[in-house]
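Participant: Quick one, fold the following:
(2 chains)
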Amino acid sequence: DAKTTQPTSMDCAEGRAANLPCNHSTISGNEYVYWYRQIHSQGPQYIIHGLKNNETNEMASLIITEDRKSSTLILPHATLRDTAVYYCIVRVLTGTASKLTFGTGTRLQVTL
Amino acid sequence: ETGVTQSPTHLIKTRGQQVTLRCSSQSGHNTVSWYQQALGQGPQFIFQYYREEENGRGNFPPRFSGLQFPNYSSELNVNALELDDSALYLCASSLWNWKAGGPFSADTQYFGPGTRLTVL
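Facilitator: This is a model prediction of the structure:
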């Protein structure tokens, strides 16, 4: 399975943009990049996903490099409620099953 | 709120016992996946059910089994519990249509709040 590498932790001041990097150098051509976050042992919350184009929704933007070996999740105006563990995931197909392969994630701490 | 519910919230069992965890999918979804999350780790894929059939499995022994019902709710059963089975068990539901795009198909899995299982 394609693996992802993320920094263990990051800090961000409230109101500033949070830029969370992720490396996925072994990603295959049909494998999507997904981002989820998890707040204090609740179920992971879906944020965004993409294949090769940049994507934006109401929560965040996803920037994928042209060679698809890395991506950045951008939270444009971080708030205290964005403090969470953020997982960058390469979605793998196992037969016809859609499997999310989680790593250990980045712990984002948003501070005043 | 994702519309995915799980029961029970917490459970304590002893080694060797059997346990059944339940998941109710989001309305309109046809697929449920189960994940195990040990303390301090990311969730690990156990298996996925699509239209009542298991269509993929992670690296878990056969004592982990599941069912998906016609209303797309699901159960995870674990036999002969071991201490290492203590974890947060998460289910996720999605609308999966493999035939629509083949290997380029995408789905979004929505997670429930999880069941915390403690094995003593």
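Participant: how near is the closest residue to residue B:111 other than its chain neighbours to residue B:81?
Facilitator: Spatial nearest neighbour of residue B:111, chain neighbours left out: residue A:43 (3.5 Å); criterion: Cβ to Cβ, 6 or more residues apart in numbering or on different chains. Backbone N, C-alpha and C define where each C-beta goes, glycine included. Here residue A:43 is placed at a distance of 22 Å from residue B:81 (Cβ to Cβ, to the nearest Å).
Participant: Look at the two and report which has more neighbours.
Facilitator: Each of residue A:43 and residue B:81 had its neighbours counted (other Cβ atoms under 10 Å in any protein chain shown), and the higher figure belongs to residue A:43 (23 against 19).
Participant: which ones are touching the more buried one?
Facilitator: Contacts for residue A:43 (Cβ atoms under 8 Å, 6 or more residues apart in numbering or on different chains) come out as B:2, B:4, B:90, B:92, B:111-114.
Participant: Can you tell me which of those end up in strands?
Facilitator: With DSSP state E as the criterion, strands contain B:90, B:92, B:111 from among the contacts of residue A:43.
Participant: Cross-check the contact I'm expecting between the last one and residue A:45.
Facilitator: Yes. With contact defined as Cβ atoms under 8 Å, residue B:111 reaches residue A:45; the gap is 7.3 Å.
Participant: just to revisit the earlier point, would you turn the ones in strands among the contacts of residue A:43 into a markdown table with distance to residue B:22 and pLDDT?
Facilitator: Output for the ones in strands among the contacts of residue A:43, formatted as a markdown table (distance: Cβ to Cβ, whole Å; pLDDT from 0 to 100):
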| residue | distance to residue B:22 | pLDDT |
| --- | --- | --- |
| B:90 | 13 | 98 |
| B:92 | 14 | 97 |
| B:111 | 15 | 97 |
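Participant: okay, now residue B:87: neighbour count?
Facilitator: Applying the criterion other Cβ under 10 Å, we find 20 residues in the vicinity of residue B:87.
Participant: dump the residue contacts of it.
Facilitator: When the contact criterion is Cβ under 8 Å, 6+ apart, the partners of residue B:87 are B:36-39, B:116-117.
Participant: Apply 7 Å and report the result again.
Facilitator: B:36-38, B:117 (Cβ atoms under 7 Å, 6 or more residues apart in numbering or on different chains).
Participant: Which members of the residues you listed are classed as buried?
Facilitator: Neighbour-count burial (16 or more other Cβ atoms under 10 Å in any protein chain shown) is assigned, among those, to B:36-37, B:117.
Participant: quick one: contacts for residue 49?
Facilitator: No chain was given, so I picked chain A. Here residue A:49 is in contact with A:32-34, B:106, B:108 (Cβ under 7 Å, 6+ apart).
Participant: switch to chain B, that's the one I care about
Facilitator: The neighbourhood of residue B:49, defined by Cβ under 7 Å, 6+ apart, consists of B:31-32, B:66, B:68, B:74.
Participant: what are the bridge partners for the residue in chain B positioned nearest to chain A, then?
Facilitator: Among all residues of chain B, residue B:56 sits closest to chain A, at 2.2 Å; criterion: Cβ to the nearest Cβ. According to DSSP bridges, residue B:48 are recorded as the beta-bridge partners of residue B:56.
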